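> What follows is a predicted protein model with its sequence.
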Amino acid sequence: MNRGASSAVGADVWSRTHTHHWDDWTLDSLVGAKVASGATVSLVVPARNEAATVGDVVTRVREALVETVALLDEIVVIDSDSTDETYAVATDAGATVHRSAEIRPDLGSHPGKGEAMWKSLFVTAGELVVFMDADLLDWDTHFVPGLLGPLLTRPEVALVKGFYERPGQRGSLDGGRVTELVARPLVALLHPGLADLVQPLAGEWAVRRSLFASLPVPTGYAVELAALVDTEARLGLQAIAQVDLGTRAHRHQALHDLGGMATQILAASLARRTDADLPLDGAVLRQFVLPGLVPADRVVPTLERPPAERYLP
Ligand SMILES: O=c1ccn([C@@H]2O[C@H](COP(=O)(O)OP(=O)(O)O)[C@@H](O)[C@H]2O)c(=O)[nH]1
Ligand SMILES: O=C(O)[C@@H](COP(=O)(O)O)O[C@H]1O[C@H](CO)[C@@H](O)[C@H](O)[C@H]1O
């Protein structure tokens, strides 16, 4: 097990001192650390049209980490404007399910993954919050204790990213198109301290509630990169760790849809590092579709929610 320095850590040593493997801890030792610390833990699954997979995710985690051992105190699915049976499937699997738009309606409602995760803070209670995507195909329940390991054993760590091999059509790192073509270049140019994060966009991550509630949150797909950038700026690299979770496969979006994701990630990154005059609410992304390479404008929300703590008791 790595034992990182508690003082500020430079990017040159960060990977060596802040990279773990999920089996660095036994499940029993983590349950013991949780009990000793008195910490409570929420698993949040943002889900939009994931009826095909959300039931498997919830059922397996519930059986392993709520019923067999008490590592999790709650499993909450945030139904993010689904038009399929996500709500019913997640409920039948044993999750507490909330529709994003119905959480704190006084604060309005916006589309997006980050919006769902921001809203989750109003309907969860855990001091530690674990996020997992709902579209997982190749994964296992050890993802959750793996992500909690650094938070339960290293007081200086406040945000933990999972990483994994991402089997795709052409080999183990053939996943993560936006990671390889957008996030890593942005890190190289604007956020070099984060260069040793293997999966900066991973949807499997964990965070201390107090930190996440203090951060502005992009309502779309930039939520993951923004949290890393803001945490490094606020607390330094010593507050960030990463855990090798093995292998993860998920449902892949169409390339044009990832164009919207990339736009959101670029907007959030540039807003944090440049004085570029960026659109606050949304950008118009012009793509060209077949047949005929006809222009098709996609309105990409770039709105950010202010820190949730402003609205929490
Ligand atoms: O508006 C949205 C878009 C996505 N998601 C969820 O966020 C996770 C990651 O989204 P997606 O699978 O679309 O991204 P990818 O994994 O393809 O990068 C999944 O559980 C989605 O159901 C969501 O809750 N609201
Ligand atoms: O890594 C990526 O480039 C994107 C898209 O992955 P694929 O190219 O469809 O394997 O997926 C990541 O970004 C999403 C938004 O932050 C996260 O929700 C995913 O978990 C993450 O894998």
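Nice, thanks for sending it over. Ligands and ions are numbered 1, 2, ... in the order given.

> show me what contacts the residue most central in space within the chain?
Taking Cα atoms, centre = their mean, the centroid of the chain lies closest to residue 203, which sits 3.6 Å from it. Contacts for residue 203 (Cβ atoms under 8 Å, 6 or more residues apart in numbering) come out as 113, 131-133, 224, 250. The C-beta positions use only the backbone N, C-alpha and C, and glycine is treated the same way.

> Checking the residue in the stretch 151-300 of the chain that ligand 2 sits nearest to next. Helix, strand or coil?
Nearest residue of the stretch 151-300 of the chain to ligand 2, counting by Cβ to the nearest ligand atom: residue 203, 2.6 Å away. Assigned state for residue 203: coil (three-state reduction, DSSP: H, G, I helix; E, B strand; the rest coil).

> before we move on, back to that, which of the contacts of residue 203 fall in helices?
Using DSSP state H, the members of the contacts of residue 203 that fall in helices are 113, 224.

> near ligand 1, which residues of the protein show up?
Counting by Cβ under 6 Å from any ligand atom, the chain comes close to ligand 1 at 46-48, 50, 80, 111-113, 116, 133-135, 203, 250-251, 253.

> What segments of the stretch 51-200 of the chain are helices?
In the stretch 51-200 of the chain, the helices defined using DSSP state H, counting those that start in this stretch lie at 54-62, 86-92, 113-120, 143-153, 177-178, 184-190.

> circling back: the residues of the chain next to ligand 1: which two are farthest apart?
Farthest apart among those by Cβ to Cβ are 111 and 250. That separation is 20.0 Å.

> So for residue 99, what's the nearest residue that isn't a sequence neighbour?
residue 79 (4.8 Å; Cβ to Cβ, 6 or more residues apart in numbering).

> And for that neighbour, the neighbour number?
27 (other Cβ atoms under 10 Å).

> do the same with residue 290
Other residues lying near residue 290 total 6 when counted by other Cβ under 10 Å.

> List phi and psi for it.
Reported as degrees, to the nearest 10, the phi and psi values for residue 290 are phi -90, psi 160.

> and the residue of the stretch 1-150 of the chain nearest ligand 2?
Nearest to ligand 2 in the stretch 1-150 of the chain, going by Cβ to the nearest ligand atom, is residue 133, at a distance of 4.7 Å.

> What does the pLDDT read for the residue nearest to that residue when sequence neighbours are not counted?
Nearest non-adjacent residue to residue 133, counting by Cβ to Cβ, 6+ apart: residue 203, 3.8 Å away. pLDDT for residue 203: 98.

> any chance you could map the strands in the stretch 151-300 of the chain?
With DSSP state E, counting those that start in this stretch as the criterion, the stretch 151-300 of the chain has strands at 159-165, 205-208, 217-218, 240-247, 249-250, 282-289, 294-301.

> rank those strands by pLDDT, which is bottom?
strand 249-250 (a mean of 82).

> any chance of the strands of the stretch 151-300 of the chain in a markdown table, with distance to residue 105 and mean neighbour count too?
Formatted as a markdown table, the strands of the stretch 151-300 of the chain follow (distance: least, Cβ to Cβ, whole Å; neighbours: other Cβ atoms under 10 Å):
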| stretch | distance to residue 105 | mean neighbour count |
| --- | --- | --- |
| strand 159-165 | 29 | 23 |
| strand 205-208 | 25 | 26 |
| strand 217-218 | 18 | 27 |
| strand 240-247 | 34 | 22 |
| strand 249-250 | 31 | 16 |
| strand 282-289 | 21 | 13 |
| strand 294-301 | 18 | 13 |
